[in-house]
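Visitor: Mind folding the following:
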Amino acid sequence: MIAAPCPAFVLHSRAYKETSALVDFLTPEGRLRAVLRGARGKAGTLARPFVSLELELRGRGELPNVARLESAGIPYLLSGHALFSGLYLNELLVRLLPAQDPHPALFDHYAATLAALAAGRALEPLLRAFEWRLLDDLGYGFALDRDCQGQPVDPEALYQWQPELGFQPVTQQQPGLFHGGELLALAEADWGQPGALSAAKRLMRQALAPHLGGRPLVSRELFNNRKESRRD
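Guide: Alright, predicted model coming up:
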């Protein structure tokens, strides 16, 4: 458990007892859940997403207390689609990242992604890159340039994604397939290739689904509802 100050971001918080909050933090030491007492005071104003923090915990066991929480930088000001994208990243981490499992490189990638979102960078490449990094860090990564039999991907062939196996070559067209050329573009992160971004989004949804336990992502539903309301 963290005794010395540690960099952190708030992923999620909810009311706990009368004046406290139960907060999920992302730190280089992994995802940590702790009780923030007096959450309606100054500390509570810091316990919001997308703020770079310095965190210190006190106590042992699965639910320590926040001993100190201070701002460590300028908040990342996200709005519109960038805000929903940040909430999506937070929900993925809460749902998929095991508690107290150190991932320092993932922490750095998360901070860099927030900075890029705040700077107005294109959303889709940032989200796909983060999803890929998350899967890879959790041990669920897979090759994009070879099929499930270890053969090089044929740019002219069709492939079906098979969880725990990889890409299975197929000969008949059906929903959800990938062209070999799309997979090779993804392997090179060539987002300028026609169809690469849509293929990446489709692939990440298929690859993440087995790890989400069949429960929909709230952030995705909120984003879809917002798009529909704006059409109306």
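Visitor: Quick one: find the helix or strand in the protein with the lowest mean pLDDT.
Guide: Sorting the helices and strands of the chain by mean pLDDT, DSSP states H and E puts helix 218-231 at the bottom, at a mean of 65.
Visitor: Neighbours of the spatially closest residue to S20 that is not a sequence neighbour, how many?
Guide: Leaving aside its chain neighbours, S20 sits nearest to R37 (4.9 Å; criterion: Cβ to Cβ, 6 or more residues apart in numbering). C-beta: built from backbone N, CA, C; applies to glycine. Other residues lying near R37 total 16 when counted by other Cβ atoms under 10 Å.
Visitor: now swap in L183 and tell me
Guide: Burial measure for L183: 25 neighbouring residues, criterion other Cβ under 10 Å.
Visitor: Please tell me the pLDDT value assigned to E54.
Guide: pLDDT, E54: 94.
Visitor: Am I right that it falls within a strand?
Guide: Yes - the assignment for E54 is a strand, going by DSSP: H, G, I helix; E, B strand; the rest coil.
Visitor: Three-state assignment for the spatially most central residue of the chain, please.
Guide: To find the centre residue of the chain, average its C-alpha atoms and take the closest one (Cα atoms, centre = their mean): that gives L89, at 3.4 Å. Three-state call for L89 (three-state DSSP): helix.
Visitor: what's near enough to touch the nearest residue to it once chain neighbours are set aside?
Guide: Spatial nearest neighbour of L89, chain neighbours left out: F130 (5.9 Å); criterion: Cβ to Cβ, 6+ apart. Taking Cβ atoms under 8 Å, 6 or more residues apart in numbering, we find F130 in contact with L89, L92, H109, Y110, T113.
Visitor: Same question for E124.
Guide: Contact analysis of E124 by Cβ under 8 Å, 6+ apart lists W191, L197, A200, K201.
Visitor: Relative to A82, how far out is it?
Guide: According to Cβ to Cβ, to the nearest Å, E124 stands 12 Å off from A82.
Visitor: Ok, A115 next?
Guide: A115 is 11 Å from A82, where distance means Cβ to Cβ.
Visitor: Looking only at neighbour counts, state which of those two leads.
Guide: A82 (21 against 12).
Visitor: Look up the pLDDT of the residue nearest to that one when sequence neighbours are not counted for me, please.
Guide: Nearest residue to A82, sequence neighbours excluded (Cβ to Cβ, 6+ apart): L117, at 4.4 Å. Each residue has a pLDDT score; the one for L117 is 97.
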